[in-house]
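J.: One predicted model, sequence on top.
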Amino acid sequence: MRLLITGGAGYIGGHIVKELRGSNHELVVVDNMEKGNEKNLFPENTFIQGNIQDDTVLEKVFSKKVDAVFHFAAWKGAGESMTAPEIYSLNNLNGSIKLLTSMAANGCKYFIFSSSAAVYGSPEYLPVDEQHPLHPENYYGYTKLCIEENLKWYDKLKGMRYAALRYFNAAGYDPDGIITGLEKTPANLLPIIMETACGMRKSFEIFGDDYDTPNGTCIRDYIHVTDLARAHLLSLDYIMKTDSSITINLGSEKGYSVKEMIAMAETVAGKTIPHKISGRRPGDPGKMFASSAKAKKLLNWKPEFSDSKTILTTMWNVYGNL
C-alpha cells in the first residue's frame with residue numbers, strides 16, 4: 001500500500017514512520033518542518049516539504065493512489081490555542097478539511113486521526129472512557145472534536161473509514177534509539193522536565209500543589225509514544241478488515257502525579273532538577289486517566305513501555321546525550 005503520513009517528521013509522526021519501516025508499504029511523508037525535525041526523516045521514504053493546505057502539495061501527494069492517511073499535521077498547544085485560536089482554526093481545522101476533501105476526490109478510503117483526550121474536558125468520572133461527555137475546555141480540544149464530527153459525516157456520506165485515537169499524554173522516546181529528534185517548543189510537562197535536567201532551561205513551574213491528590217499535585221495518564229505508534233498500525237488493520245470506523249482512547253490506565261514524575265526523572269538523570277511551585281492554571285483537573293478497555297478488546301493492544309521509569313529513561317537517553 002501507499003501510505004501518507006502528514007507531520008511525519010514530528011515527534012509522534014516520526015515514531016509512526018519508524019514503526020511502519022520494513023512493512024513493505026510505500027511511505028510518503030509531508031511536513032512543512034515548522035515543528036518537524038530532520039533527524040526524524042528516513043532516506044528511503046518519499047519526503048515532500050510543504051503544507052497540506054497547499055494545493056500543489058496535495059496534487060503531488062495524490063498524483064499516485066494513496067491507500068491510507070495517518071494525520072499528525074496539527075498544532076497542539078492547549079494554552080496557546082486560547083490566545084491564538086485563529087492559528088488553530090487555520091492549521092487544525094482548515095488543514096484537515098483540505099486533506100479530507102483531497103482524499104474523497106482521489107478515492108482514498110482510510111484515515112487514522114491523531115485526536116486527544118482534550119475532547120473530554122474535566123472528568124466527570126474516572127477512569128475516562130469513550131462514553132464520557134465531550135466538553136473541551138480549550139480551543140485545541142474543540143478543533144479535535146470538530147474534526148471527529150466531520151469524520152462521522154465523511155464515513156456516512158463518502159464511505160470513508162476512520163480511527164479517531166484519543167491520546168492522553170504522549171511521552172517517551174523510541175527504545176531502539178532510532179528516533180532522536182527533539183520536539184520544538186514543547187508545552188507538555190515531561191519534555192520541559194528533560195530540558196531543565198539537561199540545562200536547556202534554568203527551572204520550570206509546578207502549577208498548583210493543593211489538589212485533592214496524595215501529594216497535592218495533578219495526576220495524569222502518560223502513554224509511551226511507541227505504544228501509541230503500535231496502536232495506530234493496529235487501528236489501520238482493524239478498519240480495513242472490518243470496514244468500520246472506531247473511536248478509542250489510548251492511555252496507560254495509570255496515573256502519575258507531577259511530583260512523582262519529577263522524582264523519577266531525578267533518579268533517572270542522577271541529579272536534582274530545579275523547579276518552583278506556582279498557582280493553579282484554569283481548567284487543570286486534579287486527576288485525569290483513561291480507560292483503554294476498548295482498545296484492548298478491539299485491537300488486542302496493550303501498552304508495554306508506559307511505566308514512568310521506562311518513559312523517562314528513554315527520554316533521558318536522548319536529552320542526556322545532547
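T.: Good, I have the coordinates.
J.: Going by C-alpha atoms from here, please, whenever you check contacts or count neighbours.
T.: OK.
J.: got the CA coordinates for the strand or helix carrying V268 in CSV?
T.: With elements delineated by DSSP states H and E, V268 resides in helix 258-269, which encompasses its position. What follows is helix 258-269, C-alpha atoms only, in CSV (Å, rounded to 0.1, in the frame of the first residue of the first chain):
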residue,chain,number,x,y,z
VAL,A,258,3.7,15.8,38.8
LYS,A,259,5.9,15.3,41.8
GLU,A,260,6.2,11.5,41.2
MET,A,261,7.4,12.2,37.7
ILE,A,262,9.9,14.7,38.8
ALA,A,263,11.3,12.3,41.4
MET,A,264,11.6,9.6,38.8
ALA,A,265,13.3,12.0,36.4
GLU,A,266,15.8,12.9,39.1
THR,A,267,16.5,9.3,39.7
VAL,A,268,17.0,8.5,36.0
ALA,A,269,19.1,11.6,35.4
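J.: and the angle from the helix or strand where T196 lies to helix 258-269?
T.: Taking DSSP H and E as the definition, one finds T196 inside helix 189-197. Going by axes from the mean of the first three to the mean of the last three C-alpha atoms, to 10 degrees, helix 189-197 is angled at 50 degrees with respect to helix 258-269.
J.: Run through who's touching helix 189-197.
T.: Contacting residues not belonging to helix 189-197 are listed as 171, 183, 186, 201-204, 261-262, 265, 269, 271-274, 312, 315-316, 319 [C-alpha atoms under 8 Å, 6 or more residues apart in numbering].
J.: try stretch 263-271
T.: By C-alpha under 8 Å, 6+ apart, the list of residues contacting stretch 263-271 from outside reads I193, M194, A197, T272, I273, S308, K309, L312, T313, W316, G320.
J.: again, only using 7 Å
T.: Identification of contacts with stretch 263-271 by C-alpha atoms under 7 Å, 6 or more residues apart in numbering yields T272, I273, K309, L312, T313, W316.
J.: got it, and stretch 17-35?
T.: Contacts of stretch 17-35 from elsewhere in the structure, counted by C-alpha under 7 Å, 6+ apart, are 1-10, 45-51, 184, 229-230.
J.: Now list the buried members of those.
T.: When neighbours are counted using 16 or more other C-alpha atoms under 10 Å, these contain these buried positions: 3-10, 47-48, 50-51, 229-230.
J.: what's the longest helix in this protein?
T.: Among the elements of type helix in the chain, defined by DSSP state H, the one spanning the most residues is helix 139-158.
J.: wait, is I239 part of a helix?
T.: Yes - according to DSSP: H, G, I helix; E, B strand; the rest coil, the state of I239 is that of a helix.
J.: Perfect, that will be all.
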